[in-house]
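Engineer: no sequence for this one, just the structure:
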Ligand SMILES: Nc1ncnc2c1ncn2[C@@H]1O[C@H](COP(=O)(O)O)[C@@H](O)[C@H]1O
Ligand SMILES: Nc1ncnc2c1ncn2[C@@H]1O[C@H](COP(=O)(O)O)[C@@H](O)[C@H]1O
Ligand SMILES: Nc1ncnc2c1ncn2[C@@H]1O[C@H](COP(=O)(O)O)[C@@H](O)[C@H]1O
Ligand code: NA
Ligand code: NA
Ligand code: NA
């Protein structure tokens, strides 16, 4: 049966499609996403403390390289088959090389509800995967010129709301440890799914708005928005196997690879690749890939992980 | 002793009357009412799943008819004794034929605190009762002309925030069932009363603002704002007895009948009966009937239900 | 080890210093502070009900007098050593004579985490201490002229958000008692520390903004912002010993004395002493004293209380 | 840079009719508009923006004088009797006059 | 439709004195006003609207030139020395000039 | 009170570039500015302010005609091709002209 939080997402899409007046005030959306980002960071941070550093570093390194490579695969496809301008192709590639925290939160809920174990320091890999695609995207769009202001790009990436809150959460969770965080558990952890439900309601409304725009850009964007995450999930599954992650962890890494950013990357592209059309990349990432991953992708990637581990075990 | 949530309402009135700077930002008010509407819907939806359809349909039908008739009683009184214009009388009649979700939430808290059983699918009847009075009100104001745009009226009613969230909550609660909803319980159910307290604080501030306006409209509006819910509660009690509801359910239906809308109906009237004065109907519904029901009505209707069931039992 | 809520504060300062885009929407800040103020008031109110009046009155009286005297100590220092204008000196003196609810909330968290008993009606003393310094500040700035509009000053003080919510919370907690408040406990009490964490994150951001301004005003304001709370904490410790408070209560009263207002007093000064520079007093109170108290003051005042009680016991 | 003159029409009215007014001004020829949330006081009393029913919006649209004239006449006929509404206009310099 | 000219006076100032300024402009003859929340920068530094003490408002009032003149003089005398405040005015066309 | 004329330049654009535009107009000589949150519709479609990527801001700055001209030219060159942006200006009367 469907998780109720997924129903909130469908409800949001429905309300958007029938042009309901329903709307989350943007300040409430901010509040809700801040709490989610902090909660995910905190959870990850607590686990990071438990991991031997020797295990974290290779994982982070592998994931970082994956984040560099995925956009390099997407870019030529978008250029040749999609016939997009260089800027647009680079920007979309960056979106798909990076990650979506909202999708990750739904996957956390999915695995937790089913009691499936996964490496709980995953949020750290999430943060690591946010960044490299942005850099690759900028270079793809603008070339490696000397007057690139990498300082301001770095600031744009790390000082953005999303990465900042994730990193802050990880740092606090790591420093405070499981007992330290106990006192803020009722707010950040017990309410997690309810707040995620509200968040997905608004995501549904936003997705519905993007659906209308999709028509304008034709079928390619829809196909790409489904095929690319499928491909990336295979890559993610492979990397996870190499790293020796658990079944749940494999599903998670597949999902991270498959998810497309709609916060950190669009914000960074808007500033660093201004001639890329933001409507286009958000139509793909929010109008196609987000609903695909949330509704079909997560269970699919989990089945893939199970199958892959069975094969490896054999 | 008074429920603390009622004290929050009184505190809001007090703060408003002494012209305090206290104010809930409108975005927070939106947030708080969204959570309440979804929570009420979810609770109702869970119960709807348990009811045999053969029992729900006659109840919904009876309540719908009650919603058609109540404004037809109110309208001539408002026209003749109140000397209101046709539009104003029709609009006020629609407010009193429909329901107030805020009042319902307080009644839920009242019965729950005292451990009194009531048919928990009540939120479904709440939704059913929201709608018919609006249609009657529009016809009373404008007559049954051919060029009525019923499509846009229907959209106005069903796509409005309130009805949409209630229906969405009911649908999700119904589909997810009691166990499915478990994971979002801490947010939507455990916080219910605390969030209701904040909501009532703002309602007190709004009520206080309406109190000032009341003077302008004279004594009739005050008398009507108390007499009409008393009459409606009798009708509601009667209908509940016919439907064989429990004591708690009888009190609830009396309250639903007695409560006057201040969200869905004013929004619909503003669009469909523009020449009705919204200040007038809100002064009655928020300045008189809401505080009357919340402070005196709920316990009174409960006593009535107890007495009626005792009489019927005899 | 550091309490995680303190880490949220440090995280906020960090994010502000690196000029992150992180920001709590002002409406969310309002929401979060309203919940904190109500929760503190409710907790205090529950305890007030348990206290014999004969014990509360002398405590409130002593604290009120302390609130009158502290600004009288600060004022000449600010005038002579700080070379501030009369208005500025009076306004800063008023800030330091009054209290900071945010600091108090952190102290509550500190003592609760460590299981240290304190007189839980402390919030009442907090309210009492908010007011006198404002009156003294206004008189210091403007003299005792006949045309002072004390009515509007009183309104400004009592009808301000902060005092209103605290008093409302105390009144409701007192009237409803421990069992009455049970139903709103999950929202107001269980979430307390999580909400405080969000609040401190924003306070960190605000503090970081004030740090920049500090430079403009030179070293005196930094020295004063640390020395004055140290002095006041001694006074508070003394008063607590006279009143026979527990060790925790002594630490609390020291902290109340040491904390500097950044809500009620600035608002009142802006209206009643318009020629005082609000940037100056907020730079001191938010840029120096708030972080000092939160990071170093609270544990220090607690050690002082322990030492003082040991000495007295000897 | 040479700039051209257009008319800036500002409408202050109830939030509840935002979608209707925006639709109307588009139909009458405006190529765009900007909306901000507002509160205020006027003939219809205090509107404090505490909740939807009490909120105002401020709609601005830059257009040709003719379109501005058409919009104001339409709003006057359709809304002035029954809704809290204030409309005013003045000339502004724009950089790309073809846009408006 | 024939329209008349009135003065639109705009006041940008601190949120903390909203009620006082609004009361003053009503006393001086304005029949209404509109308020929006704002942030900004000026002689008194950055005011980022993160919380009450740091927030601005933008008050607009349409009135006769005489009333506008009275209001600006009053604001100048009462608030300019001590508060973050900017005031400007210009002519606008209104449809129902008796309203203002 | 004698008042002087200055130019009020209004910029409606995407929230995402707020800090850049504000920095630019300060560098070009504006002594202050005021920002309000907005939503709207234009050549770049509907921008409903549901979340950051879809939000507009409205920046106002009072300055000399020369500075206004410099700012609009700069904005035109730097942002018009790639960002949702509308810029307009008109004269206003200010009380302390040295301030602007
Ligand atoms: N003279 C005025 N100047 C500026 N805004 C006004 C004026 N009169 C009314 N308004 C605004 O327009 C809204 C509707 O006006 P009214 O229809 O007069 O109630 C009010 O709530 C105010 O926001
Ligand atoms: N030149 C300007 N143009 C537009 N708004 C301004 C200007 N100067 C100041 N302001 C606004 O008016 C407020 C108060 O200005 P000030 O008194 O100069 O600090 C500022 O916070 C800005 O919002
Ligand atoms: N004709 C217009 N009148 C008023 N505001 C406009 C107009 N056209 C566009 N805007 C505003 O400017 C923003 C950017 O415009 P555009 O670049 O045309 O999409 C829009 O989202 C609107 O808020
Ligand atoms: Na990805
Ligand atoms: Na009713
Ligand atoms: Na103090």
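Structural biologist: It's in. On a predicted model such as this, the values are computed, not experimentally measured, just so you know. Ligands and ions are numbered 1, 2, ... in the order given.
Engineer: which helix or strand lies directly C-terminal to the lengthiest helix in chain D?
Structural biologist: Taking DSSP state H as the criterion, chain D has its longest helix at helix D:65-79. Next helix or strand after helix D:65-79 toward the C-terminus (DSSP states H and E): strand D:85-94.
Engineer: report the distance from that next one to the chain centre.
Structural biologist: Distance, stretch centre to chain centre, for strand D:85-94: 8 Å (Cα atoms, centre = their mean, to the nearest Å).
Engineer: check whether it contacts ligand 3.
Structural biologist: No - applying Cβ under 6 Å from any ligand atom, one finds strand D:85-94 separated from ligand 3 by no less than 8.7 Å. Using the backbone N, CA and C atoms, a C-beta is placed for each residue, glycine as well.
Engineer: that strand pairs with which strands, and in what direction?
Structural biologist: strand D:4-14 (antiparallel), strand E:85-94 (antiparallel), strand F:85-94 (antiparallel) (DSSP bridges).
Engineer: list of residues touching it?
Structural biologist: For strand D:85-94, the external contacting residues (Cβ atoms under 8 Å, 6 or more residues apart in numbering or on different chains) are D:3-14, D:42, D:62, D:68, D:72, D:75-76, D:79, D:100, E:3, E:6, E:8, E:32, E:34, E:62, E:90-95, E:99, F:10, F:86-90.
Engineer: if we use 7 Å, what do you get?
Structural biologist: If you take Cβ atoms under 7 Å, 6 or more residues apart in numbering or on different chains as the criterion, strand D:85-94 is touched by D:3-13, D:42, D:62, D:68, D:72, D:75, D:79, D:100, E:8, E:62, E:90-95, F:88-90.
Engineer: show me how to select, in PyMOL, the buried members of the residues you listed.
Structural biologist: The command below creates a PyMOL selection of those among those that count as buried (16 or more other Cβ atoms under 10 Å in any protein chain shown):
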select buried, (chain D and resi 3+6+7+8+9+10+11+12+13+42+62+68+72+75+79+100) or (chain E and resi 8+62+90+91+92+93+94+95) or (chain F and resi 88+89+90)
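Engineer: that older thread, of the strands paired with strand D:85-94, give the one that comes closest to residue C:214.
Structural biologist: strand E:85-94 (25.1 Å; Cβ to Cβ).
Engineer: now do that closest one against helix E:65-79, angle only.
Structural biologist: On the basis of axes from the mean of the first three to the mean of the last three Cα atoms, to 10 degrees, strand E:85-94 is oriented at 170 degrees to helix E:65-79.
Engineer: give the contact list for the spatially most central residue of chain A.
Structural biologist: Centrality entry for chain A: nearest residue to the mean C-alpha point is residue A:100, 1.6 Å, by Cα atoms, centre = their mean. Residues near residue A:100 by Cβ under 7 Å, 6+ apart: A:259, A:260, A:261, A:262, A:290.
Engineer: show me what from chain D comes close to ligand 3.
Structural biologist: Contacts of chain D with ligand 3, taken as Cβ under 6 Å from any ligand atom, map to D:30, D:31, D:32, D:33, D:34, D:60, D:61, D:62, D:100.
Engineer: mind doing that once more with 5 Å?
Structural biologist: For chain D, the residues in contact with ligand 3 (Cβ under 5 Å from any ligand atom) are D:31, D:32, D:33, D:34, D:61, D:62, D:100.
Engineer: give me the buried entries from these.
Structural biologist: D:31, D:32, D:33, D:34, D:61, D:62, D:100.
Engineer: taking these one by one, which sit in strands?
Structural biologist: Using DSSP state E, the members of those that fall in strands are D:33, D:34, D:61, D:62.
Engineer: kindly provide the whole-number mean pLDDT of the helix or strand containing residue A:162.
Structural biologist: For residue A:162, the host element (DSSP H and E) is helix A:161-181. Across helix A:161-181, pLDDT averages out at 94.
Engineer: and the helix or strand just after that helix, what does it pack onto?
Structural biologist: Downstream of helix A:161-181, the next assigned helix or strand under DSSP H and E is helix A:185. Packed against helix A:185, as judged by 3 or more Cβ pairs under 7 Å, 6 or more residues apart in numbering or on different chains; DSSP states H and E, are no other helices or strands.
Engineer: just how off-centre is helix A:185 within its chain?
Structural biologist: 24 Å.
Engineer: now that helix: mean pLDDT?
Structural biologist: Mean predicted confidence for helix A:185 is 96.
Engineer: what about the residue of chain A found nearest ligand 3, which helix or strand?
Structural biologist: For chain A and ligand 3, the shortest gap (Cβ to the nearest ligand atom) falls at residue A:279, measuring 10.7 Å. Using DSSP H and E, residue A:279 sits within helix A:278-284.
Engineer: off-centre distance for that helix?
Structural biologist: On Cα atoms, centre = their mean, the centre of helix A:278-284 falls 15 Å from the chain's centre.
Engineer: helix or strand right after that helix?
Structural biologist: Using DSSP H and E, the helix or strand that follows helix A:278-284 towards the C-terminus is helix A:290-292.
Engineer: which residues touch that next one?
Structural biologist: In contact with helix A:290-292 (Cβ under 7 Å, 6+ apart) are residues A:100, A:103, A:203, A:207, A:225, A:226, A:229, A:262.
Engineer: among those residues, show me the least confident.
Structural biologist: Minimum pLDDT across these falls on residue A:262, with 91.
Engineer: run through the residues that contact that residue.
Structural biologist: A:100, A:282, A:285, A:286, A:290.
Engineer: what's the helix or strand bottoming out on mean pLDDT in chain D packed up against?
Structural biologist: Sorting the helices and strands of chain D by mean pLDDT, DSSP states H and E puts strand D:45-47 at the bottom, at a mean of 93. If you count contacts as 3+ Cβ pairs under 7 Å, 6+ apart, strand D:45-47 packs onto strand D:33-42.
Engineer: what's around whichever residue of chain A sits closest to chain B, how many residues?
Structural biologist: Relative to chain B, the nearest point of chain A is residue A:194 (2.0 Å; Cβ to the nearest Cβ). Applying other Cβ atoms under 10 Å in any protein chain shown, we find 25 residues neighbouring residue A:194.
Engineer: how about it, secondary structure?
Structural biologist: Secondary structure of residue A:194, reduced to three states by DSSP: H, G, I helix; E, B strand; the rest coil: helix.
Engineer: grab the nearest non-local neighbour of it.
Structural biologist: residue B:187 (2.0 Å; Cβ to Cβ, 6 or more residues apart in numbering or on different chains).
Engineer: same deal with residue A:286?
Structural biologist: Among residues not flanking residue A:286 along the chain, residue A:210 sits closest, at 4.7 Å (Cβ to Cβ, 6+ apart).
Engineer: all set now, cheers.
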